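Colleague: pasting a predicted model and its sequence here:
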Amino acid sequence: MTEKLSEETRRTVLKPLLESGWKLTEDRDAMHKTFEFENFVEAFGWMTRVAIWAEKWDHHPEWDNVYKTVNVTLTTHDADGLTTLDAKLARKMDGLYGTEKD
Ligand SMILES: C[C@H](O)[C@H](O)[C@H]1CNC2=NC(N)=NC(=O)C2=N1
């Protein structure tokens with residue numbers, strides 16, 4: 001099982017993510033971000049691409065979609081908090097979001 005991030009690691013691993021718009025959730029050890037798209041098809045297309053990686057890594061987001069907005073929360077249920085898997089999935093989400101804006 002993946003270990004919860006230590007205080008030291010979370011400073012280095014989470015820093016770039018917090019700078020790219022991820023925020024720590026207040027009531028639990030998780031992080032969240034809202035992604036805005038041009039329209040529903042762009043939003044759902046991105047979710048589909050993310051879903052393929054999530055399944056491959058057996059690490060799944062908590063998310064909801066309303067029209068062109070996707071709200072995402074990442075945490076590792078098995079570890080009851082943030083792990084490197086959450087950082088990895090967050091980076092993948094940011095990457096796929098970036099390339100679709102081109
Ligand atoms: C049994 C299965 O491996 C686990 O439930 C996996 C699946 N996906 C998961 N996703 C997330 N975000 N956290 C988990 O702890 C987790 N565990």
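Modeller: In hand now; what should we look at?

Colleague: which phi and psi does the residue nearest to the spatial centre of the chain have?
Modeller: Centre of the chain computed as the mean C-alpha position; nearest residue by CA atoms, centre = their mean is Ala90, 3.5 Å away. For Ala90, the backbone dihedrals (degrees, to the nearest 10) come out as phi -60, psi -40.

Colleague: these two touch, right, it and Ala30?
Modeller: No: checked against CB atoms under 8 Å, the pair Ala90 and Ala30 is beyond contact range at 10.9 Å. For every residue, glycine as well, the C-beta is placed using N, CA and C.

Colleague: wait, what's in contact with the residue nearest to the centre of the chain?
Modeller: Shown in contact with Ala90 (CB atoms under 8 Å, 6 or more residues apart in numbering): Leu17, Trp22, Met31, Lys33, Leu74.

Colleague: let's see if you can find the most crowded of the residues you listed.
Modeller: Leu74 (25 neighbours; other CB atoms under 10 Å).

Colleague: tell me which element Asp86 falls in.
Modeller: Secondary structure from DSSP states H and E places Asp86 in helix 84-100.

Colleague: please read the previous query as pertaining to Val72.
Modeller: strand 69-74.

Colleague: quick revisit: turn the contacts of Ala90 into TSV, including secondary structure, distance to Arg11 and pLDDT.
Modeller: Formatted as TSV, the contacts of Ala90 follow (DSSP: H, G, I helix; E, B strand; the rest coil; distance: CB to CB, whole Å; pLDDT from 0 to 100):
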residue	secondary structure	distance to Arg11	pLDDT
Leu17	helix	12	97
Trp22	coil	14	98
Met31	strand	14	98
Lys33	strand	19	98
Leu74	strand	18	98
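
Colleague: now, among those, which is nearest to the ligand?
Modeller: Minimum distance to the ligand across the contacts of Ala90 is 6.6 Å, recorded for Leu74 (CB to the nearest ligand atom).

Colleague: correct me if wrong: Arg10 contacts Leu82.
Modeller: Yes: with contact defined as CB under 8 Å, Arg10 reaches Leu82; the gap is 6.8 Å.

Colleague: more neighbours: which of these two?
Modeller: The neighbour comparison of Arg10 against Leu82 (other CB under 10 Å) goes to Leu82, with 26 against 19.
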